[in-house]
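Q: quick one, what's the 3D model for this:
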Amino acid sequence: MRLALIDAGGANIGSVRYALGRLGVEAELTTDAQVIGRADRVILPGVGAAAQVMARLRELDLIDTIRSLQAPLLGVCVGMQVLFEHSEEDDTACLGLLAGRVAKLPVSPGIRVPHMGWNTLAARREASLTRGIGPHDQAYFVHSYAAPVSEDCLSSATHGQAFAAVVQRGRVAGAQFHPERSAAVGARLLQNFIEFGLA
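A: You can find the predicted model right below:
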């Protein structure tokens, strides 16, 4: 199986690749549109700001490649956020593969932003991507912006308010948390994506 890991910049790419390696999958780190287009699975990691990731994808001329993919696509962290239509962060137009807008998490007494650390996942609907992830399982988050809970939300988490932790519509999916830092839960999500795609 050919798995393409899009090099959209960001410090977590090596750790995502290492996490895949632990599952016995050799991911090809690439910016080549042909390699991405031929892949059986594609992962778009992202760290930093939505505007930075979108600028990098534009500079690499990968916007249309990603939008027209037929293979299952998994966005991670900011890579998930840019799958949506728009991010409030720097007023950024995104890929538009999922409906909705990413907004800043609200600050309130006792609620710090960025949201950093372990948080419990709440299942919203069943899907192959979240198979084996239980109602009290936790994942590791680092983010200040989040997508809304919508009909595309498979799992949510709460930090001041509920937000989308895992989303999917058709061949496009995303995880707001860091699978590579989320121990068994993260490994299970990646394994499900590799094994089942987004069936």
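Q: skip the chain neighbours and tell me the closest residue to the spatially most central residue of the chain.
A: Centroid check for the chain by CA atoms, centre = their mean gives residue 76 as the closest residue, at 2.4 Å. Once flanking residues are discounted, residue 76 sits nearest to residue 45: 4.5 Å by CB to CB, 6 or more residues apart in numbering. In this view, the C-beta of every residue, glycine as well, is placed from N, C-alpha and C.
Q: quick check: next helix or strand after the host helix or strand of that neighbour?
A: Residue 45 belongs to strand 41-46 when elements are defined using DSSP states H and E. Remark: after strand 41-46, the chain's next helix or strand is helix 50-59, criterion DSSP H and E.
Q: where does this structure have low pLDDT?
A: Applying pLDDT under 70 to the chain flags residues 11.
Q: so which bits of stretch 72-87 are buried?
A: Neighbour counts over stretch 72-87 (16 or more other CB atoms under 10 Å) mark 72-84, 86-87 as buried.
Q: wait, I meant stretch 18-36
A: The neighbour-count check on stretch 18-36 (16+ other CB under 10 Å) flags 19-20, 25, 27, 30-31, 35-36 as buried.
Q: filter the buried residues of stretch 72-87 down to the ones in strands?
A: The strands, defined by DSSP state E, take in 73-77, 84, 86-87 from the buried residues of stretch 72-87.
Q: just these now: which is nearest residue 166?
A: Nearest to residue 166 out of these is residue 74 (CB to CB; 9.8 Å).
Q: go through this structure and flag its longest helix.
A: Scanning the chain for the longest helix, with DSSP state H as the assignment, gives helix 183-196.
Q: in terms of secondary structure, what does that helix contact?
A: The contact analysis (3 or more CB pairs under 8 Å, 6 or more residues apart in numbering; DSSP states H and E) places helix 183-196 against helix 13-22, strand 41-46, strand 138-143.
Q: need the distance between the two termini of stretch 131-147.
A: In stretch 131-147, first residue to last residue: 21 Å (CA to CA, to the nearest Å).
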